[in-house]
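# Show me how the following folds:
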Amino acid sequence: MLRRGKARGPADGEPRQLESGHRSTGLRPATGTTQGAGRRGRSLLGESPAQGYRSAIALRAIDGNLARTASSVTAWYRLAPQPWSFRSDTQRETLIRQIATQLGELQGRWLHVRVTSRPYPVALWAETFDHNAPGRLPDVAGALSWEGFLEGEQRHLMGLSMSDKEVFVGVEVSGRSVVDRWLEGAAPLLGRLVPSAATAELAALESEIAHVEALVSRAGLDAVPATAEDMAWLMHRSCSLGLPAPRTVTPTSGDHWETEDLAAFTDGVALHQEPYAPTVQVLGRFGTQPVQRHVAVLSVGLMDGLRIPEADDPWMQRSDRLPFPVEWSARIYVRKPEEVAGELQRQMGKVRSQIRHYTHDHDLDPPMSLSRQADRVLQIEDELSGGLTQLNTRVYGWWRVAVSGRDESEALTRAQQVLDLYRPRVAMEHPEAQYAYAREFIPGEPLASTAYRRRGSVTWVAAGVPAASASVGDRRGVMIGETCTATRRPVAWDPWMAQEVRRASGLTAVVGGLGSGKSFLTGLLVYKTLRAGARWTVLDPSGPLAELTKLPELAPFSRHIHLLGADPGILNPYRVVAEPRRDHFLDEDDPDKAWRRERSLAAATRRRLVLDVLTGLLPFDVARMPHTRIVLLRAVREVGGAPDRDPGQVIAVLRRHAREGEEHADVVADFLEERRELPQAALLFPDENADPRADPWVGEENYRLTVLTMQGMALPRPGSPREEWTDGESLAVELLNLASWLTQRTIYTADRNLRKGVALDETHFLSQIPTGKVLIDRLARDSRKFNVRALFASQLAGDLLRVPGFASLVNAVFVGRTDDEEAQAEALRLLRVPTDVGYEEMLGTLSPRPRHDDRPDDTPRQFVFADGHGGVEKIRIDLEGPHLEHLRETLDTNPDARRVRPLPSGPVESPAEPPAGSAPSVPPETEAERTGPVPVVPAAGPPPPRPLHPPRPAVRRPRRPAPPG
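Residues are numbered from 1 along each chain as shown. I've put the predicted structure just below:
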C-alpha cells in the first residue's frame, strides 16, 4: 500500500495494496435463490454490483508500447546499448551529436528516461548453450559429467550477481481531452455497440506515433518499440523500486492491460516513510516470502562543466562503476524555440536593469558575474538563431537516482558512495520527500517537486549517454570471463558463430608478453568448447597444455604426441599437407574440376614446403646463394609433390645431378646429409624399410583432442636475425613450421560441417618463413569454408601483421599485457581501435601484479577482447567456479617448489666401493637369490649416530639379471 506515515508490518494474512486509503472489497457472493427466480415482476441480479477498482497509480491502461494516463499518452521505447570503450573522440562526438539531433526534433514534448537493470539470464544462456552443443563428449564414469559442468557454470554465474543495463525512454505523443477520457470509460459498452469508437483515439494517433518512432529509431538512440515483456518488466521495476528483481514477469497473452490488470504491478507492494526520514521503506513479496528494502532517492544538483568525451565519461554512465544496481529516472521537457526566445529576452532585460542600476544610479562598475550572465544569454540567443537549431535546442528537467539496501544504514551507505563518485564536479542532493520522489520512477506519475531543476542544451543531455554499456561477445557461447570496465557483465563467446552465422573468418590472434595468460586462455577455450562438441588440434611447443589430455573427462578422447620422441618421418614435409577429399567440393559448380585444382594446389604446396625446409637446414651463407636455390628447386620438381615422397629422395636426386656435372648440387647434398645426422632431423626422413603408403595419422578422427608438443627444442630468441641462428635453432624453426602444417590436417580430413579448432603457439616464428605465412593465410581463408576456429598465439602483434592480409582477415583478437610502446601500437592496430589517444598505456596496466609482497601472482589475467562484430572491451578471464578446480590446477604453469615430492629423510645405505683392480661384485639381490639370505653383521667400532628422524623403509631396487658364468 502506498502510504505516507509510520511504517508498520502487515497483519497475518493481510494483503498488500499499492493504493492509498482504499482497499478493494472483492466480489459479493451471489444472493439469488431458486424461490426468487420464479416470481413475476422482478428482474435478475445480472452482473455483480462490486465496487469499481481504482488504480493506485496514475496509469489507466497500456496498449502495446502506449501508456495512457488521464491527461497524456506516452509511447515507450527501448534503447540499444551504445559502445563507448575503445572508441576515438571523433566517434564519441558523432554519437553525442546524433542523440542531440534526435532529442532536438522532439520539441514541445515531455520525455521520461528510465534506466534499470535486469539480472543476467543465466537459465536462458544455459538452455541456449546446451542447444548449441551438438555432438558433445559422452560422459565418463567418475568424471565431471555434462550435466555437472552445465550446472556448475550456472551456479557460478548466479553467484556473481551480474546484470544487464536496460534503458527505456517514454515520449509524450499527445494529450487527452475530456472526450478521450469518456470514450475510455465507456469502452466496454462502445466495444459492443460501436467498435470503431472505442479505438478512435489510438487510430487518430497512428500518424503521430509513426512520426515519433521514425525520429527515435535513427542512429544514436537506435530505439525500438517496447514489447509487452519490456513494458511488464519496466512496470515491475518501477512499482517495486528497490525490491529484488522478479524471476519472471507477468505472463500475457497479448499486449493490452486494462485498469484492473495494472493491479498485477501494484498489489503486494507498499511504500512507507516516516516524517523527515532519509529513506523510504518498500515492502513486498518475493515469490511467497515477504521482503523489505530501504530506498534512498537522490537528485542531480549543480554541475560543473564536464569535458565529454575528451576528459570525462558520460555522466549518467558513471554510476555503472558501482558494485550495486542504480536506478535512474529523468523527466525532460524539450522546449520550443519561441518559449526560449521569450525567456531570454526577459532574462536579458533583468541583467541590463541590474547593470544600469550600478552604472547610472550609483556610478559603479557592475560585477563581472553580471557581464558573464549577459555574455551567456547572448551566446545562447546566437545558438538558437543560427546554425543547426536541433543541436542547440534548450531543455529543462529533473534527474533522480535511487539506490536500495536491506536496511536504512546500507541504503545510506550506498547513497554516500554515489555522492563520492560524482563529487566534486556534480552535486548529488538528498531531498527529504523520499516517498514522493520514489513515486516519480513509476511511468505516468507526476513530478514530486520542481526543486533541483536543471537547464541546458540537448547536447548537454546527450552527453549523459545513458545507453553507454559494455557489449562484447554473444549469448550462446562458452563463458570466458567478465567485463572489467565501467560496466560489469558476463562475456560468452561462440568461436563458430562467425563462420556459421555471419559468414566471416575464424582467424583469431592471441597476443601478449610473457606471463600475460595466453596459454591459460587457450586451455580454457579448448576445454569448454571441446566439451560442447568441437574437435581440437593444439601445437604447444613448451608442453603445458598436454596436461589437458590427462583430465578424466577428456582422457578417453585425447592423445598427446611428443614429436621429438616420435617415429622417424612423422614430420615428413610431403605427409603433413593433407590430400583434398572429393566430397568437400560437391557444392561446387564442377566438383571434379575443383577437386583436381585443389590436388594440384596441394602438390605445389608440398614442393614449396620441402624447398623451404631443406633451405632452412642449410647454413645461412650457403642458403642465400642464388645457385643453391636453383639446384634445390630442380631436385624438388623432379621428385614431384605426391604424398608418398620424402626428403631423402631429393638428396638422392641432388647426388645424381652432381654426377651429371652439377658440382654445387654435390655441395648442397653434403650439407643436407650432415644435417640428416642430427637426432631431431630423423623426424623429416622416414625409415628406408617403411611402407611409403602407410599413413601414421590413420585413425586420427577417433580423437577429439590432439596435443602436439616439442619439449626440449631450442628456439631462437624472438626478434633475432636469421644469420645469428645456430644449426640447432634453424632445425627447430623448420620442425615448428612442419608441426604447424601438421595441425591443419584435421581441417581437410574431417567433415566440413564439424566444428574444428586449431591452436598454434610460438607463431611469431612462422611469420619469418615463407611457407609459415602461407599456412596462416590458408587457415584464414579456409576457416569459414571448413568451419575452423584458428588461434594464433604470439608475443608481438607485429609478427602477425607482417603476414600479408592478416589484419584484414582476422576476426577476433585477444591482447594481454604488453609493455613495449611499439608493440602496444601494433596491438591496437590489430584490435582496429584508435591509436595515439591514450589506449597504449592501458595495455601496460592489464593484469596488475603485486610488487610489494611475496605473494604469488595468481590474479585472473586481463585481456582486451575484440569479438569481430564491433565489440571491444577489457575483460577478466574467469575460471573460478568450484566445478573447474581441477582444470585450474592443470593449467597452472607457475613453478612451485612445494609440489616436489620430498626425499626420504632416513639414511640411505649404499654398497661399499670395491678396491681398485678387483672384480665387480655381484648385486646383493642376485647373490641372495642364488645362495639365500645372508645375516647382517654389525661392523666393529662405535655405534652409528641416531638419526634425527625415524628411518623410512628402504626402497627395493629392481632386480638385475646375474652376469653369465
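
# For the rest of this, base every contact and every neighbour count on C-alpha atoms.
OK.

# Counting residues, name the longest strand you see in the chain.
When every strand of the chain is counted residue by residue (DSSP state E), the longest turns out to be strand 289-303.

# and that strand, what does it pack onto?
In terms of contacts (3 or more CA pairs under 8 Å, 6 or more residues apart in numbering; DSSP states H and E), strand 289-303 is packed against strand 280-286, strand 394-405, helix 408-422, strand 426-429, helix 434-439.

# Can I get the ones you listed in JSON lines including distance to Leu791 and mean neighbour count?
Conversion of those to JSON lines gives the following (distance: least, CA to CA, whole Å; neighbours: other CA atoms under 10 Å):
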{"stretch": "strand 280-286", "distance to Leu791": "46", "mean neighbour count": "24"}
{"stretch": "strand 394-405", "distance to Leu791": "43", "mean neighbour count": "23"}
{"stretch": "helix 408-422", "distance to Leu791": "40", "mean neighbour count": "18"}
{"stretch": "strand 426-429", "distance to Leu791": "46", "mean neighbour count": "19"}
{"stretch": "helix 434-439", "distance to Leu791": "51", "mean neighbour count": "24"}
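
# Which of the ones you listed sits closest to Pro770?
Relative to Pro770, the nearest member of the helices and strands packed on strand 289-303 by CA to CA is helix 408-422, separated by 54.4 Å.

# That closest one: how far from the chain's middle?
Between the centre of helix 408-422 and the centre of its host chain there is 29 Å, according to CA atoms, centre = their mean, to the nearest Å.

# So which elements touch that helix?
Contacts defined by 3+ CA pairs under 8 Å, 6+ apart place helix 408-422 against strand 289-303, strand 394-405, strand 426-429.

# Quick one: those as JSON lines, columns for distance to Glu660 too.
Listed next are the helices and strands packed on helix 408-422 as JSON lines, based on distance: least, CA to CA, whole Å:
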{"stretch": "strand 289-303", "distance to Glu660": "91"}
{"stretch": "strand 394-405", "distance to Glu660": "91"}
{"stretch": "strand 426-429", "distance to Glu660": "89"}
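
# out of these, which comes closest to Thr450?
Proximity of those to Thr450 was assessed by CA to CA; the nearest stretch is strand 394-405, lying at 7.8 Å.

# Please list the outside residues in contact with the closest one.
By CA atoms under 8 Å, 6 or more residues apart in numbering, the surrounding residues in contact with strand 394-405 are 242-243, 293-300, 325-337, 340, 410-412, 414-415, 437-438, 450, 452-458.

# again, 6 Å this time
Among residues not part of strand 394-405, those counted as contacts by CA atoms under 6 Å, 6 or more residues apart in numbering are 242, 293-300, 326-335, 411, 453-458.

# And stretch 290-301, by the same measure?
Outside stretch 290-301, the residues that touch it by CA under 6 Å, 6+ apart are 279-285, 399-408, 427-430, 452.

# repeat that with 8 Å
Counting contacts by CA under 8 Å, 6+ apart, the residues outside stretch 290-301 that touch it are 241-243, 278-285, 398-408, 411-412, 415, 426-431, 434, 437-438, 452-454.

# Output stretch 511-520 as PDB, nothing but the C-alphas.
The C-alpha trace of stretch 511-520 is given here as PDB (Å, rounded to 0.1, in the frame of the first residue of the first chain):
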ATOM      1  CA  VAL A 511      48.800 -11.600 -28.300                       C
ATOM      2  CA  GLY A 512      50.700 -10.800 -25.000                       C
ATOM      3  CA  GLY A 513      54.000 -10.800 -23.300                       C
ATOM      4  CA  LEU A 514      55.400 -13.400 -21.000                       C
ATOM      5  CA  GLY A 515      53.000 -14.300 -18.200                       C
ATOM      6  CA  SER A 516      50.100 -12.500 -19.800                       C
ATOM      7  CA  GLY A 517      48.000 -15.600 -19.700                       C
ATOM      8  CA  LYS A 518      47.900 -16.800 -23.400                       C
ATOM      9  CA  SER A 519      48.300 -20.500 -22.500                       C
ATOM     10  CA  PHE A 520      45.700 -20.200 -19.800                       C
END
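
# how about it: buried residues?
Val511, Gly512, Gly513, Ser516, Gly517, Lys518, Ser519, Phe520 (16 or more other CA atoms under 10 Å).

# Wait, the fifth one touches Ser847, no?
Right, the one you point to is Gly517. No. In this structure, Gly517 sits apart from Ser847 without contact. The criterion is CA atoms under 8 Å, and the distance is 9.1 Å.

# partners of the longest strand of the chain in the sheet?
Sheet neighbours of strand 289-303, with direction, are listed as strand 280-286 (antiparallel), strand 394-405 (antiparallel), strand 426-429 (antiparallel) (DSSP bridges).

# Paired strands for whichever helix or strand comes after it, with orientation please.
Helices and strands here follow DSSP states H and E; after strand 289-303, the next one along the chain is strand 327-334. As defined by DSSP bridges, the strand partners of strand 327-334 come to strand 110-119 (antiparallel), strand 394-405 (antiparallel).

# Quick one: closest of these to Trp315.
Closest of those to Trp315 is strand 394-405, at 11.4 Å (criterion: CA to CA).

# picking that back up, which of the contacts of strand 394-405 are buried?
Buried residues within these, counting neighbours by 16+ other CA under 10 Å: 242, 293-300, 326-335, 411, 453-454, 457-458.

# So which other helices or strands are in contact with the top helix by length along the chain?
Using DSSP state H to define each element, the chain has its longest helix at helix 591-617. Packed against helix 591-617 by the contact rule (3+ CA pairs under 8 Å, 6+ apart) you find helix 626-639, helix 663-676, helix 727-743, helix 770-782.

# residues of that helix that come out buried?
Neighbour-count burial for helix 591-617, counted by 16+ other CA under 10 Å, picks out 594-595, 598-600, 602-617.

# Over to stretch 837-844?
Within stretch 837-844, the residues that count as buried by 16+ other CA under 10 Å are Tyr839, Glu840, Glu841, Leu843, Gly844.

# Next: stretch 568-584.
Buried positions in stretch 568-584, judged by neighbour count with 16+ other CA under 10 Å: 568-580, 584.

# that's a helix at Ile875, yeah?
No. Assessed with DSSP: H, G, I helix; E, B strand; the rest coil, Ile875 is strand; it does not lie in a helix.

# Does Ala823 touch Asp799 like I think?
No. In this structure, Ala823 sits apart from Asp799 without contact. The criterion is CA under 8 Å, and the distance is 9.8 Å.

# what residues are shared contacts of Gly517 and Ser847?
Common neighbours of Gly517 and Ser847 (criterion: CA under 8 Å, 6+ apart): Arg861.
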